[in-house]
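Q: The sequence and its predicted three-dimensional model are supplied below.
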Amino acid sequence: MSLSTYKKQFRVIIALAALVVLIGGAAVAAYLVRYSATSDRICAKCHAELIELWKRSEGCPAQKTKCYQCHSRGFELAPKGWNIIKHGRDQLAPSEYLADDALTSQRCLDCHQNILNLDYKPIKRIIKFNHRIHNGEGLNCMDCHRSAGHEYMTGGSNRPSVSECLDCHLREFEGPPKNWKCLNCHEIMLVPGKQWE
């Protein structure tokens, strides 16, 4: 082989090595950007108290969810607008972290869309409740389940309290023992002091 053939092969090898280093460096940079934009450790630097409440949460437990899954817009493969570069950037590093009710409720429904099905039955049948009807009335998930992600409630319940239900349904409730209207809301008569499993 001639010297020019060796030079040509050497240039090809150098170009391939540079391409591998460039792609590898871009992948590492993308990972670091994604980590810094979605890591719970980064969120904890400013929101330590919320991270602790979230770790205790039964509604969105820390071992199953991450901060960005509830507080940023969902992953979208196709861009909505013409700016493909901005869309790619936003998918790599979510730019809008929000805790507003509309976004958070939509993110709840992304995972729990089955609650709006006609045949949905809650796991714990304590209350007669239809999510579909309440959603149709304009209520969103945060109206009743504000503590689901960050467990503020003592006793570990992400369900709304009786007083929250009565804010809207007070007209329908006259209370026992006058006419046993408890069964309008409850599947069974609850015994005071007894825990429902």
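A: Yes, it's here. Residues are numbered from 1 along each chain as shown.
Q: C-alpha from now on. contacts and neighbour counts both.
A: Noted.
Q: partners of S72 in the sheet?
A: Assessed by DSSP bridges, S72 has beta-bridge partners Y97.
Q: Just give me the neighbour total for it.
A: For S72, the neighbour count with other CA atoms under 10 Å is 20.
Q: so it sits right up against P94, yeah?
A: Yes - shown here, S72 and P94 form a contact pair, counting by CA atoms under 8 Å, at 6.3 Å.
Q: Just want the most central residue of this protein.
A: C70 (2.8 Å; CA atoms, centre = their mean).
Q: give me the element it is part of.
A: Element membership for C70, per DSSP states H and E: helix 67-71.
Q: Not counting that helix itself, show me its contacts.
A: 38-40, 43, 94, 96-99, 103-104, 107-108 (CA atoms under 8 Å, 6 or more residues apart in numbering).
Q: Need the worst-confidence member of those residues.
A: Minimum pLDDT for the contacts of helix 67-71 is recorded at E96 (68).
Q: Are we agreed that P94 is in a strand?
A: No - P94: not assigned to a strand; according to DSSP: H, G, I helix; E, B strand; the rest coil it is coil.
Q: what's the spacing between it and E58?
A: Distance from P94 to E58, counting by CA to CA, to the nearest Å: 25 Å.
Q: more neighbours, those two?
A: Between P94 and E58, counted using other CA under 10 Å, the more crowded position is P94 (20 against 16).
Q: hang on, the more buried one packs against K86?
A: No - between P94 and K86 there is no contact under CA under 8 Å: 10.5 Å.
Q: Can you give me the neighbour number for P61?
A: 17.
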